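S.K.: quick one, what's the 3D model for this:
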Amino acid sequence: MTIETRPSAAHRIATELAAENKRLRAENSGLSQMLAGQRIDLAQPRAELGDTTMKNAHNITDRFTGSVIFTAEIQVADDAPMALRLGAATAVAVAAKADLRHADLRHADLSGADLRHADLSGADLSGADLREADLREADLSGADLNCADLRRADLNCADLRHADLSGADLRHADLSGADLREADLREADLREADLSGADLNCADLRGADLKCADLRGADLNCADLNCADLSGAKS
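M.R.: Below is the predicted model:
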């Protein structure tokens, strides 16, 4: 006589779970192989990565009117300092080639922005309010900073080669170690600015106000200092 045995309900469920786990492991293995060596670029458009990648929106406003010039979507923590949020928004605006110029009477308020190591090369920031901004080691090569307000800005070791700083207000700014080769500094206000160790090779300083500026160790080879005021400057 043959006795037929049937698996218990618990055994059947365990078997089904094991089979499902095996299937999921196979899928995950295939996905891992597919993504191996690939880098996810968070700078891709939102449509490709989904709405969750951009955590916050931040407005860049006009210095004098408070009106919104540009709204940037930035990926920072909700409790990130305002300086960091503004710096991130500025970087987004520059990358998007947003119009932040003062030609149409707009003056972007970027005062106090944290822009350390930021790539702002070729950016049009003419007339921008960058007072006390942290621009240490930022790349501002070829940037348009004509008539920008950079009072007390930290530009230590910044790359300002070929930058247009004509008419800029750089009073008390830290430009120590900055690369200002062939920069346009005509009529710039550099009173009491720290230019120690700066490279001003072939810079145009015609008519610049350098009263009481620190020029110790600065390279002024070929710099045009015609009509520049160097009274009280340290050299």
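S.K.: quick check: domain ranges of the chain?
M.R.: 50-95, 104-235 (automatic domain parsing).
S.K.: could you identify which of these is most buried?
M.R.: domain 104-235 (a mean of 22; mean count of other Cβ atoms under 10 Å). For glycine as for every other residue, the C-beta is placed from the backbone atoms N, C-alpha and C.
S.K.: and it, average pLDDT?
M.R.: The average pLDDT for domain 104-235 rounds to 97.
S.K.: any idea how far Arg63 is from Leu120?
M.R.: 18 Å (Cβ to Cβ, to the nearest Å).
S.K.: Asp184 now?
M.R.: 23 Å.
S.K.: now Gly127
M.R.: 9 Å.
S.K.: what do these two both touch?
M.R.: Common neighbours of Gly127 and Arg63, counting by Cβ atoms under 8 Å, 6 or more residues apart in numbering, are 107-108.
S.K.: quick one, helices of the chain?
M.R.: 9-35, 46-49, 82-95 (DSSP state H).
S.K.: confidence-wise, which of the ones you listed is weakest overall?
M.R.: helix 46-49 (a mean of 33).
S.K.: quick one, what contacts Arg116?
M.R.: 87, 134-138.
S.K.: for His107, that is, sorry about that
M.R.: 62-64, 127-129.
S.K.: what's the answer for Ala133, then?
M.R.: Contacts of Ala133 by Cβ under 8 Å, 6+ apart are 110-115, 150, 153-154.
S.K.: hmm, 6 Å instead?
M.R.: 113, 115, 153 (Cβ atoms under 6 Å, 6 or more residues apart in numbering).
S.K.: quick one: it from Leu165, how far?
M.R.: Ala133 is 14 Å from Leu165, by Cβ to Cβ.
S.K.: do Val76 as well
M.R.: Val76 is 29 Å from Leu165, by Cβ to Cβ.
S.K.: can you check Ala72 too?
M.R.: On the measure of Cβ to Cβ, Ala72 and Leu165 end up 25 Å apart.
S.K.: then Arg85?
M.R.: Counting by Cβ to Cβ, the gap from Arg85 to Leu165 is 26 Å.
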